[in-house]
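Enquirer: What follows is a predicted structure for the sequence shown.
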Amino acid sequence: MSMVRLNGEIVTNHSSRYELNKHDYFMSTPFFEQAVARHGNGNVSAAESLYRKAIENNEQRNSASFNLTLYIRPNNRPAAAKPLLLEVIDSAPVDGAAYATLRKILFDEGANQKAQQLLERAIQLEPENVDAILSLAEAMLLDEQFSEVIERLENCLAAPDLTGDGR
């Protein structure tokens, strides 16, 4: 099952027109809409081309850029994914999914410290950003910062905004 971003949210099971309508209410961006449909149907080469057209035409640019990285990064093209993610982060600095994906690229490049700095920034901007918190914990574990990870995760679990239990 693949996932993409629609209307700013990560969704799965998006291949049908019903799902597109359900999540994005008759998107008014034809290249982006077509790209998501092709992505969902498994025609990723067509989706890549359509995402690039959406980006060129400024149609849901951040979502198109992010979705494009979901295709190109695992296909051994992280150098192409990195500038797209940096652009998403620059225009939407609290995008936890973009930080998490970029962290994986930076780690693969051996730049885990830089990845941690970006995630720290994401958490400063949005303290309840669970994607960034978990990605930072993962990055810290890889650097064997065990006690720091435990402390951060305990703080995370104690936060009412994250647990929803009003503690």
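Expert: Perfect, I can see it now.
Enquirer: distance of residue 112 from residue 104?
Expert: 10 Å (CB to CB, to the nearest Å). Heads up, the C-betas are built off the backbone N, CA and C, glycines and all.
Enquirer: going on from the least confident helix or strand in the chain by mean pLDDT, what's the next piece of helix or strand?
Expert: One helix or strand of the chain scores below all others by mean pLDDT, DSSP states H and E: helix 17-24, with a mean of 44. Using DSSP states H and E, the next helix or strand after helix 17-24 towards the C-terminus is helix 30-40.
Enquirer: To which secondary structure element is the residue nearest the centre of the chain assigned?
Expert: Taking CA atoms, centre = their mean, the centroid of the chain lies closest to residue 97, which sits 2.7 Å from it. Element membership of residue 97, judged by DSSP H and E, is helix 96-108.
Enquirer: where does residue 58 land in three-state SS?
Expert: For residue 58, the secondary structure call by DSSP: H, G, I helix; E, B strand; the rest coil comes out as coil.
Enquirer: okay, now it: neighbour count?
Expert: Using other CB atoms under 10 Å, residue 58 is surrounded by 9 other residues.
Enquirer: do you know how far it is from residue 78?
Expert: Plainly put, residue 58 is 25 Å away from residue 78 if you go by CB to CB.
Enquirer: repeat for residue 115
Expert: Taking CB to CB, one finds residue 115 at 13 Å from residue 78.
Enquirer: quick one: which of these two has more around it?
Expert: Neighbours were counted for residue 115 and for residue 78 using other CB under 10 Å; residue 115 has more, 25 against 19.
Enquirer: Surely that one is within a helix?
Expert: Yes - per three-state DSSP, residue 115 lies within a helix segment.
Enquirer: Residue 88 versus the residue nearest to the centre of the chain, what's the distance?
Expert: For residue 97, the distance to residue 88 equals 9 Å [CB to CB].
Enquirer: Over to residue 104?
Expert: Distance, residue 104 to residue 88, by CB to CB: 14 Å.
Enquirer: So which of the two has more stuff around it?
Expert: For the pair residue 104 and residue 88, the greater number of neighbours falls to residue 88 (24 against 18), based on other CB under 10 Å.
Enquirer: residues touching the more buried one, list them.
Expert: Counting by CB atoms under 8 Å, 6 or more residues apart in numbering, residue 88 touches 62, 65-66, 95, 98.
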